[in-house]
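>>> Everything below, folded, please.
(chains A and B)
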Amino acid sequence: DAGVIQSPRHEVTEMGQEVTLRCKPISGHNSLFWYRQTMMRGLELLIYFNNNVPIDDSGMPEDRFSAKMPNASFSTLKIQPSEPRDSAVYFCASSLAQIAGAGSTQYFGPGTRLTVL
Amino acid sequence: KQEVTQIPAALSVPEGENLVLNCSFTDSAIYNLQWFRQDPGKGLTSLLLIQSSQREQTSGRLNASLDKSSGRSTLYIAASQPGDSATYLCAVDVNSKLTFGKGITLSVRP
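Presented below is the predicted three-dimensional model:
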């Protein structure tokens, strides 16, 4: 299996622009997670989906952030408009957890390093 | 709110040493605890997962223990090697939501 795939790997954009990050989870995994990693705050969960349904988005920082999972093999995280403080590494992860709340090993993608100028 | 602490933030040891990495958490109502490894510029690799009902898990030279009542976990690395140099993060799972510590950056000197 190719593992969790994220694109792009690096993104540099200017403040105010729209940014879309993409994730393909491991085939057969039922849960998908978006995380953000910064030096100051470490790794933080933004949102997670189970069976394509958003279960908990309490970590999404504000309305500028949105996430979708239109099918079991694809998810997007969108920032509109982007701001310099959004600069971070964004990770996508997936797990086999078949029901919401069931803990299972999470497998992480390589991340997208976002720089907002 | 769950808080996860890993101290120290960095550790440097000579090759061959056995070492223990510590992790503490404030709320014992967890589903499981996971240890991850992160290499510079890379994603996280899961090392061990301990269910809340378990006391320890082993994989090769790694052994992780969990004491839920005291809010502590340790990752034991036997006979450390330069290839073990990385950042090690622990995370507690509550309803599939992982809360991470800041990690311990380990450097194993040849």
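>>> what are the pairing partners of the helix or strand harbouring residue B:13, and which direction each?
Secondary structure from DSSP states H and E places residue B:13 in strand B:10-14. The pairing partners recorded for strand B:10-14 under DSSP bridges are strand B:104-109 (parallel).
>>> List of residues touching the strand it pairs with?
B:6-15, B:17, B:19, B:21, B:77, B:80-89 (Cβ atoms under 8 Å, 6 or more residues apart in numbering or on different chains). All C-beta spots, glycine's among them, are computed from the backbone N, C-alpha and C.
>>> Return the set of residues that bridge with the most centrally placed residue in chain A.
When Cα atoms, centre = their mean is applied to chain A, the residue found nearest the centroid is residue A:34 (2.8 Å). Listed by DSSP bridges, the beta-bridge partners for residue A:34 are residue A:47, residue A:92.
>>> these two touch, right, it and residue A:77?
Yes: shown here, residue A:34 and residue A:77 form a contact pair, counting by Cβ atoms under 8 Å, at 5.1 Å.
>>> For the helix or strand of chain B with the lowest mean pLDDT, which strands pair with it and how are they oriented?
Every helix and strand of chain B was ranked by mean pLDDT, DSSP states H and E. The lowest is strand B:97-100, at a mean of 91. In the sheet, strand B:97-100 lines up against strand B:86-94 (antiparallel) (DSSP bridges).
>>> how about the CA coordinates for the strand it pairs with, as PDB?
The C-alpha coordinates for strand B:86-94 follow below in PDB (Å, rounded to 0.1, in the frame of the first residue of the first chain):
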ATOM      1  CA  ALA B  86      14.500  11.200  15.900                       C
ATOM      2  CA  THR B  87      11.700  13.000  17.800                       C
ATOM      3  CA  TYR B  88       9.500  10.700  19.800                       C
ATOM      4  CA  LEU B  89       5.900  11.800  20.600                       C
ATOM      5  CA  CYS B  90       3.400  10.300  22.800                       C
ATOM      6  CA  ALA B  91      -0.400  10.800  22.200                       C
ATOM      7  CA  VAL B  92      -3.400   9.900  24.200                       C
ATOM      8  CA  ASP B  93      -6.600   8.800  22.500                       C
ATOM      9  CA  VAL B  94     -10.000   9.900  23.700                       C
END
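>>> in that strand, what's buried?
B:86, B:87, B:88, B:89, B:90, B:91, B:92, B:93, B:94 (16 or more other Cβ atoms under 10 Å in any protein chain shown).
>>> Stretch B:61-76 vs chain A: in contact?
No: Stretch B:61-76 does not reach chain A (Cβ under 8 Å from any Cβ of the partner chain); its nearest approach is 13.0 Å.
>>> State the distance from residue B:76 to residue B:21.
8 Å (Cβ to Cβ, to the nearest Å).
>>> actually residue A:38, not the one I wrote
Residue A:38 sits 22 Å away from residue B:21, going by Cβ to Cβ.
>>> more neighbours, those two?
Taking neighbours as other Cβ atoms under 10 Å in any protein chain shown, residue A:38 and residue B:21 compare with residue B:21 leading, 22 against 13.
>>> Return the set of residues that bridge with the more buried one.
Here residue B:21 sits in beta bridges with residue B:75, as judged by DSSP bridges.
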